[in-house]
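Peer 1: Dropping a prediction and its sequence here:
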Amino acid sequence: MKNILFSLALLAATPALAQVPTPAPAQSKPVLLVGGTLHVGNGTVVPDAAVAFDKGRITYAGAQSGFSQDKSTYEVVDVKGQEIYPGLILPNTTLGLTEVEAIRATVDEREVGMLNPNVRALIAYNTDSDIIPTVRTNGVLLAQVTPRGGMLSGQSSIVQLDAWNWQDAVVKTDDGLHLNWPPMVLKLNPTEDATAVEKREKARQQQLRDLEQLLSEASVYRALPAGRRENLRLSALNGLFDGSKTLFIHADYGKEIIEGVRFAKRLGVQKVTVIGARDAWMMLDFLKQNDVAVVLSRIHALPRRSGDDYDLPYKLPSLLQQAGVRFCLDYEGDQETAGSRNLAFIAGTAAGHGLTKEQALTAVTLSPARIMGVDKDYGSLEAGKSATLVVSSGDLLDMRTNNVTHAFIDGRAFNMTNKQTYLNQKFRGKYGMKN
Amino acid sequence: MSIFLRQLGLAGGLLLGSVAAYAQPSTYPRNGVYDQRPGLYAFTHATIFTDYKTRLTDATLVIRDGRVEAVGTGVKIPAGAVVTDLKGHFIYPGFVDLYASYGLPEVKAPERQGRRSGPQFESQKTGAYDWNQAIHPETSAAELFKVNDEQADMYRRLGFGAVLTQQADGIARGTAALVTLNTARKEQEVVLADRAAAAFSFDKGTSPQDYPSSLMGSIALLRQTYLDADWNQRNPTKEQNLSLRAFNQQRQLPQIFDVRDKQSALRADKVGDEFGVQYILKGRGDEYQRLSDIQATKAPLIVSLNFPDAYNVDDVYDASRISLEELKHWEMAPANAAMLAKAGVPFVLSAADLKDKKKFLPNLKKAIQYGLSEEQALRALTATPAELLKQQNQVGSLKAGMVANFLVCSNRLFADDNVLLDNWVQGQRYQLSTVPTDYRGVYTLKIGTQPELKMLVAGKPEAPEMRIVLAPKDTVRGTLSVNGELATIVYNPTPKTKGTAVRLGGFYTPETRLFQGDGQLADASQVKWSAQRQEEATRAARRDSAKAPEPVQLGQLQYPFVAFGRAQVPQQETVVIKNATVWTSDAAGKLENTDVLLQNGKIAKVGKNLAVPKGGRSIDGTGKHLTPGIIDEHSHIAISEGVNEGTQAVTSEVRVSDVVDAEDIDVYRDLAGGVVASQLLHGSANPIGGQSALIKLRWGMTAEQMKIEGAPGFIKFALGENVKQSNWGELNVLRFPQTRMGVEQVFVDAFTRAKEYEQEWKSWNKLSKGKQKKGETPRRDLELEALVEILNQQRFITCHSYVQSEINMLLNTADRMGFKVNTFTHILEGYKVADKMKAHGVNASTFSDWWAYKNEVRDAIPYNAAIMHDAGLNVAINSDDAEMSRRLNQEAAKTVKYGGLSEEEALKLVTINPAKMLHLDKNMGSIKEGKDADVVLWNDHPLSVYAHAERTFVDGRQMFDVESDARMRQEVEKERLRIVQKMLDAKKAGAPTQGATAKANKHFHCDTMGEEKELDN
């Protein structure tokens, strides 16, 4: 009864027109974009380009002069003067898990307990989120939906942002596990003294022992013959030891990064990536030597120490680039779901602080695709890959010029409206303003 | 000498045995035989400092029954006096500490629970006391005081004879008592003055009451208490308020104010100025960092000798967490007293804040090593504290009639080898130590029939080091321990072999300088032995192992005292920015290839080919863009200790301008983002919040200097989820209002009261003097005064708001109650009621694209700014966030993308438009001749994500530029490294160290409560 009342209330409160747009059907006709500047995603820029795709796959991406097929079989879109980019990829996000941060009922990102390797973000991913359509209209087309909380939060999955349901949305299921490395730097309340530090350090050591035990047992468990007593936690960790799943270690402080990475390698984890890494500048050699990829968390951030260079977070990508560390950019932090539509401008900021524009683009396209293991299909615009791309009338990475005119996910031209464009039209109409 | 000392020691023992002589005041009945003795002593042939600067040689001090009877060179020794010859010794007045809690019960702080438990609005204290539990002037230290042996002993060992003791808890803390550290007498005699001072702070301490939860709330509460006390005095029949009565009764006492840092010292002094009080400020020891401003307060200071320990900087990564100001303060803190003395600031020294009080004397010596003269040090420990308490006839010097508090020293007080022998307190001797007998020298050691050996004794007198010379260049270490006159010697002539030690026992005869006795060798044979001193130790051997301290080298003072502070605030310059693209944010529009002259802090000229005036410089602006400085209409940077006083629904009495933090690094970071001015707003935790501060980002100046001259008053109002506490957890469901219905009633009620209040005062002011004398003066109410200012358009509202219903409500309420809403801030549903807002004439300051973080922003759209703009409203984009504020140009740019504003209009959203809504547009917000020289030179199109501010001018001062930023980065690094090296040396030399602390994040948003970090807005 309670549920029925709740549903009724919800129905009454939600105007029908504010529903998310209908997902686009599969690509039915070959499409050819001509005349735009192609940004491949791997650093290459092709002026006066042509991009052709059919059945969701790119058949040609290069100079228009090199495109020799009969254009009449294509739906030709003239994008002269515009810019063509791979769809942006948003790593490490709670998009689709959290609708309204302050309303508990709409938050599905944090399971109870410290060690939840078996928990999977994908099944809570809500394709009907009002937020998703506002994110993709700024060029973000793929996301790594990631759980939060505890020490081992669970598993993430890669989804595309125009779907009927999570099964429909998924691009890569359960791509990795997320480990929040227990912080070394402990904040003290004003009333606490040095003994509190000791106490917490003890608790931290215990957590690490628990984690070590879990991983050691999991590495043995997987070798047990069939008929073993099923343990969801242990079997969820299998993929770490055969390299089919990445361990994403969330850590910011330099020493935590080293500690976490060494820990994982010691226990036989095959693939390790660090997320957060706000102090990665301290650890460039370590990251490079160990070939650890980094997901840099939102660089629109204040420096962590009062004496840091004011632009340290902004220039961090270029420091990583110069050091030859593999990295990509995310938008984790306050208001991360609604704010993630600014991912392109995160890259823009990096380009304003030492990266070239194409390097910055790579950091939100091909680089995250590689780090998450979906680069066979996504992340750059090359023949054979998925036709997941955006066209902007100006530089996509600059808010001054970012203006997406066309966008395709797997060749599907999805609906570019959203709740906010609807409200804009509605109220401009009220005042008789031009739309 | 040693003989003499032994006698002294003996005399001491006798005295200690006679403690009972003074055990009870004369009013006490006695169990047993009365034992009243005269307590008459004479100390002769001493060097006596009767006060910090008067030195008498070969003088005599006579004391009787705890008081000084006579002191001088020709003093006659009264009959019956116990005479002590102090030839070669020194006598000083006992020290006085003005900041202690000696003998008072510890005040236990309950866990500060705030919004995690239920609220407590009212006082839970029993009795007819103040409404607020942090105001308890009725607390009397003398009533709570109990003599405490352990604490007294600790203080006496530092040289103190008397302390001013207070219960250091709360805002109006009550009276402090001056007590001696005599533990042989009862409280009635030990207390020299029961109401010696009144004590205050800004810290509500253990009060569990919600209000005040912020520093600005504490300041407001204290100010209101002064007014209430005054009102209570004039209308004594209105309330029998014991707290206010006590408050009034202690107005004439010295007023001691405990502050957390130098900025709060200035804040406290400002409160004092308002109410005609000169506080004695007890600071944290960082006063040197703002010396001239501290000096200008004319306040005497209580200076703690609590110097920070060195940090553990072994680990490069961990060391990076220690801030430059912490490093620098470690280096400079010992120089604080010397710098204050040099500046002529009156101060006293205190052992307050020292967790380990044993560090007091070493730290005192350190302060002297860092430039404080011995006379200044002595004065700050004796005469000045006495004078500040107006107790100079009791303590602080040695004159007839004064309390017999004095120190007997083996040498000059601050001499390296001085030993504090005795601390006499109220005529009672407390022996602290004796001069150790000096055994050092070269001895001839005879053991049985063995050949004679040489025994060398060196090291410190109190810790002699002994070696035996077996053969030339072959010496072994041994131990010599002397207890009283009994001696033990152990050494091993063949140290590589175990079980071959020689043990000698015996005694020392000082007259003959001979050790002798019986011993046992390794082969168990018994022997007689002796060691005869042949010669004194050489001068070099005698010198204590402590090396002469190296001369003190200190880094530079900088303003502010944090990274990226400068030795001097940049000067106002005459400068022409040449050939730039100038975005005027004015009717002139965007001007290509244009020059702008800044002179005397103003924009002197805008034009082409401007000549550079003499003494000026030019900056090439070719290919660059010059815009007006960005103005952030909604900021919470640079605020000390709390942005919300959200504990009551109406807190219009609190003022952010009281708590501007001039040292927040976010000020510098904002400058680097082209921001020149900000409205520092109270948070949004209650419907009527506090008053704003409008500041320019004058990095390096004081909080007072940062405030914009002549700026109008503003105040924060708020609506919606924050004020009705929707997201505060299930415990916070008691404070009215909990719904938007209630919010309206808060406003109606507040303004109804404000109108009545205004009327009450109007009527009163109309009365004749005579009638006023007979009548009851109305009570001044700071909360209502601010609301009356709103009604009279002397104060302007910036109202935090989200959904259309509440916006509509406030517009209607304003019309009904007769006030104007100046600005709706956030105003994310402004687009739904833009027409109504236009009709009211309200400004709108919004976010570019925030939404979905709580229920009331589900309908927020990034097109909001454009729709409101197109509807004819004056619109601004604000930050409410210390990170976003440094990218406000980019946030403004989003209105081009969302809603199609022109680029010039977009830039206005962060320049002239906020200037208009803050009533600052006469001088700020656009590039126009005559306006303030607040401009930013960008390397690229100012709305582009790729643009950097290269130079930011505030009042014609180049407050930020990329070259000096690059230079300062290096300087910061160099300075850090220099001090780190020094710390490593200190650690190596045995100095204690502390770990790097993690500073809590102090970036505020609208609904940050207390100092905790909150996420949403």
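Peer 2: Structure's in. What do you need? Residues are numbered from 1 along each chain as shown, chains lettered A, B, ... in the order given.

Peer 1: so where's the chain shaky on pLDDT?
Peer 2: All of this refers to chain A. Scanning chain A for pLDDT under 70 picks out A:1-18, A:185-192.

Peer 1: was after chain B, sorry
Peer 2: For chain B (pLDDT under 70), the answer is B:1-24, B:109-117, B:537-550, B:997-1017.

Peer 1: Show me it divided up by domain.
Peer 2: B:2-93, B:95-376, B:441-542 (automatic domain parsing).

Peer 1: can you tell me which of these comes nearest to chain A?
Peer 2: domain B:95-376 (4.7 Å; C-beta to the nearest C-beta). All C-beta atoms are positioned from the backbone trio N, CA, C, and that covers glycine.

Peer 1: how long is that closest one from one end to the other?
Peer 2: 13 Å (C-alpha to C-alpha, to the nearest Å).

Peer 1: for stretch B:793-811, same thing?
Peer 2: First-to-last distance for stretch B:793-811 - C-alpha to C-alpha - comes to 16 Å.

Peer 1: Pull out the buried positions in it.
Peer 2: For stretch B:793-811, burial by neighbour count (16 or more other C-beta atoms under 10 Å in any protein chain shown) applies to B:795-804, B:806-807, B:809-811.

Peer 1: Can you give the distance from it to the centre of its chain?
Peer 2: Stretch B:793-811 sits 38 Å away from the centroid of its parent chain (C-alpha atoms, centre = their mean, to the nearest Å).

Peer 1: what's the answer for stretch B:572-591, then?
Peer 2: 43 Å.

Peer 1: quick one on the thing from earlier: in a markdown table: the domains of chain B, plus distance to residue B:661 and mean neighbour count.
Peer 2: Below are the domains of chain B laid out as a markdown table (distance: least, C-beta to C-beta, whole Å; neighbours: other C-beta atoms under 10 Å in any protein chain shown):
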| stretch | distance to residue B:661 | mean neighbour count |
| --- | --- | --- |
| domain B:2-93 | 38 | 16 |
| domain B:95-376 | 7 | 20 |
| domain B:441-542 | 48 | 15 |
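
Peer 1: who wins for proximity to residue A:431 among those domains?
Peer 2: For residue A:431, the closest of the domains of chain B is domain B:95-376, at 40.3 Å, according to C-beta to C-beta.

Peer 1: Now the residue nearest the centre of chain B. Nearest residue, chain neighbours left out?
Peer 2: Per C-alpha atoms, centre = their mean, the C-alpha nearest to the average position across chain B is that of residue B:261, at 1.8 Å. Distances taken as C-beta to C-beta, 6 or more residues apart in numbering or on different chains place residue B:284 nearest to residue B:261, at 5.1 Å, with adjacent residues excluded.

Peer 1: In contact with the one you found: list those residues for me.
Peer 2: B:259-262, B:304, B:306, B:353 (C-beta atoms under 8 Å, 6 or more residues apart in numbering or on different chains).

Peer 1: Which segments of chain A make up each domain?
Peer 2: Taken from automatic domain parsing, chain A resolves into A:16-87+A:379-435, A:88-371.

Peer 1: Distance of residue B:920 relative to residue B:876?
Peer 2: Distance of residue B:920 to residue B:876, computed by C-beta to C-beta, to the nearest Å: 12 Å.

Peer 1: Quickly list what's touching both of those two.
Peer 2: The contact sets of residue B:920 and residue B:876 overlap at residue B:631 (C-beta under 8 Å, 6+ apart).

Peer 1: Neighbour count for the two, which is higher?
Peer 2: residue B:876 (29 against 22; other C-beta atoms under 10 Å in any protein chain shown).

Peer 1: List the residues that contact the more buried one.
Peer 2: Residue B:876 is in contact with B:631, B:633, B:843-846, B:909-910, B:913-914, B:917, counting by C-beta under 8 Å, 6+ apart.

Peer 1: between these, which has the most around it?
Peer 2: residue B:910 leads the contacts of residue B:876 on contacts (other C-beta under 10 Å) with 33 neighbours.

Peer 1: Against chain A, how distant is that residue?
Peer 2: Counting by C-beta to the nearest C-beta, to the nearest Å, the separation of residue B:910 from chain A is 14 Å.

Peer 1: related to what we said a few turns ago, could the domains of chain B be laid out in TSV, adding distance to residue A:248?
Peer 2: Output for the domains of chain B, formatted as TSV (distance: least, C-beta to C-beta, whole Å):
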stretch	distance to residue A:248
domain B:2-93	67
domain B:95-376	22
domain B:441-542	59
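
Peer 1: who wins for proximity to residue B:838 among these?
Peer 2: If we rank the domains of chain B by C-beta to C-beta, the stretch that ends up nearest is domain B:95-376, at 34.0 Å.

Peer 1: so which residue of the stretch 101-250 of chain A comes closest to chain B?
Peer 2: For the stretch 101-250 of chain A, C-beta to the nearest C-beta, closest residue to chain B: residue A:102, 3.5 Å.

Peer 1: ok, the closest residue to that residue other than its chain neighbours - how many residues close by?
Peer 2: Counting by C-beta to C-beta, 6+ apart, residue A:102 lies nearest to residue B:854, which is 3.5 Å off, once chain neighbours are set aside. Using other C-beta under 10 Å, residue B:854 has 22 other residues around it.

Peer 1: Which residues of the stretch 251-400 of chain A lie near chain B?
Peer 2: For the stretch 251-400 of chain A, the contact set with chain B under C-beta under 8 Å from any C-beta of the partner chain comprises A:253-255, A:279, A:282, A:300-303, A:305-307, A:309-311, A:334-335, A:337-339, A:341-342, A:345, A:348-349, A:351-352, A:397-400.
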